[in-house]
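Asks: mind folding the following:
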Amino acid sequence: MNSSHIIINDEINILIVDDDKMLCKMLEDVLSQEAKLIITSANDGRDAIEKIKGRNFDLILTDLMMPGADGMEVLKVAKEVDEGVHVIIITGFASLETAMEAIRKGAYDYITKPFKLDEIKIAVQNACEKIRLLRQNQTLVENLKQAYKDLDTLKKSREELSVKVEKINQSMDESQERLAENIIGLQTVPSDLPVSYYLRRRRTDKAGVLMELEKLGKLRDEGILTEEEFQVCKNRFLSEI
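Replies: Numbers count the residues shown, from 1 in each chain. Next comes the predicted model:
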């Protein structure tokens with residue numbers, strides 16, 4: 001039975017995409033101060049798309065208006081590669097309508113220029129918190145599935161054990177019955193052979209009862225019969241009178 005649990009990974013892989021190299025570097029420096037963030041940057045949409053196809057990202061922070069491949073194309077490819085990826089769009093006021101379209105197409109959030117660095121940090125922190133909660137939920141689901149699997153295995157093992165115990169108990173009951181029948185009328189019993197090999201005769205007179213009980217007592221005293229076997233045999237023998 002496997003009782004191990006899946007470990008939650010807190011690290012977040014982030015891709016920053018902006019054709020403004022200074023802005024891209026500034027965002028990278030600001031976000032690198034946050035714990036457990038692995039940051040990669042790209043200076044245009046095409047470079048970003050190549051990076052997205054080459055590795056998995058949890059969060060993409062991309063400018064909307066870029067030459068070559070814009071933020072909408074980056075969003076499209078990112079969702080094709082991983083539907084669960086979170087994308088934050090950075091846009092100017094003039095392209096706000098396009099940013100709203102990006103939200104409808106699966107973007108997690110958008111930030112308008114000009115922005116304060118705290119806005120970026122809060123948006124990224126919120127996205128990271130959601131990503132980690134989703135991971136935690138998935139981990140809990142997987143652990144629950146494993147727990148049910150282990151429980152099912154345990155139930156099957158207990159059922160199999162119960163069947164075996166029942167068979168053993170039945171066999172013991174049958175053996176005690178046969179022993180009680182065979183022990184009556186025994187003479188001497190060598191310790192290296194079963195007592196059932198030495199059936200001689202039954203005594204049903206009172207004198208015979210005493211003699212047989214004495215023999216049973218000797219067998220018990222010599223360790224050939226246990227106390228339980230002695231009682232079973234005695235009761236069975238007495239019932240024959």
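
Asks: starting at the chain centroid, how far to stretch 20-40?
Replies: Centroid displacement of stretch 20-40 relative to its chain, using CA atoms, centre = their mean, to the nearest Å, is 37 Å.

Asks: next, the buried residues of that stretch.
Replies: Going by neighbour count (16 or more other CB atoms under 10 Å), the buried part of stretch 20-40 is C24, L27, E28, V30, L31, L37, I39, T40. Quick note: C-beta positions are derived from backbone N, CA and C, even for glycine.

Asks: show me where the protein has its helices.
Replies: Per DSSP state H, the chain carries helices over the ranges 21-31, 45-54, 71-81, 96-104, 117-183, 206-221, 227-239.

Asks: what angle do the longest one and helix 21-31 make?
Replies: Think helix 117-183. Angle, helix 117-183 to helix 21-31, by axes from the mean of the first three to the mean of the last three CA atoms, to 10 degrees: 50 degrees.

Asks: which other helices and strands does helix 117-183 contact?
Replies: Here helix 117-183 touches strand 12-17, helix 21-31, strand 59-63, strand 86-92, strand 109-113, helix 227-239, going by 3 or more CB pairs under 8 Å, 6 or more residues apart in numbering; DSSP states H and E.

Asks: who's in contact with E80?
Replies: Listed by CB atoms under 8 Å, 6 or more residues apart in numbering, E80 has no contact partners.

Asks: repeat that for 10 Å
Replies: Going by CB atoms under 10 Å, 6 or more residues apart in numbering, E80 touches I52, K53.

Asks: surely Q33 and K121 touch.
Replies: Yes. Contact status for Q33 versus K121: in contact at 8.7 Å, counting by CB atoms under 10 Å.

Asks: middle-most residue in this structure, spatially?
Replies: Geometric centre of the chain, nearest residue: Q146, 2.7 Å, by CA atoms, centre = their mean.

Asks: what's the spacing between that one and E229?
Replies: From Q146 over to E229 the distance is 48 Å, taken as CB to CB, to the nearest Å.

Asks: surely P67 meets D47?
Replies: No. With contact defined as CB under 10 Å, P67 does not reach D47; the gap is 11.6 Å.

Asks: excluding its backbone neighbours, what's nearest D19?
Replies: Distance criterion CB to CB, 6 or more residues apart in numbering; nearest residue to D19, sequence neighbours excluded, is M66 at 4.7 Å.

Asks: how far away is the one you found from E166?
Replies: For M66, the distance to E166 equals 74 Å [CB to CB].

Asks: looking at those two, which one has more neighbours?
Replies: Of the pair M66 and E166, M66 is the one with more neighbours under other CB atoms under 10 Å, namely 22 against 10.

Asks: show me what contacts the more buried one?
Replies: M66 neighbours (CB under 10 Å, 6+ apart): 17-20, 42-46, 48, 72-74.

Asks: closest one to A99 out of those residues, please.
Replies: Closest approach between these and A99, by CB to CB: M72, at 9.6 Å.

Asks: which of the helices of the chain is buried the deepest?
Replies: Ranked by mean neighbour count, these are led by helix 71-81 with a mean of 20 (mean count of other CB atoms under 10 Å).

Asks: got the angle between that one and strand 109-113?
Replies: If you take the same axes, to 10 degrees, helix 71-81 sits at 160 degrees to strand 109-113.

Asks: how is this structure carved up into domains?
Replies: What automatic domain parsing lists as the domains of the chain is 12-143, 184-239.

Asks: surely A69 is in contact with K51?
Replies: No. Under the criterion of CB under 10 Å, A69 makes no contact with K51, lying 12.0 Å away.

Asks: quick check: phi and psi on the residue nearest to E83 when sequence neighbours are not counted?
Replies: Distances taken as CB to CB, 6+ apart place G106 nearest to E83, at 7.9 Å, with adjacent residues excluded. Reported as degrees, to the nearest 10, the phi and psi values for G106 are phi 120, psi 0.
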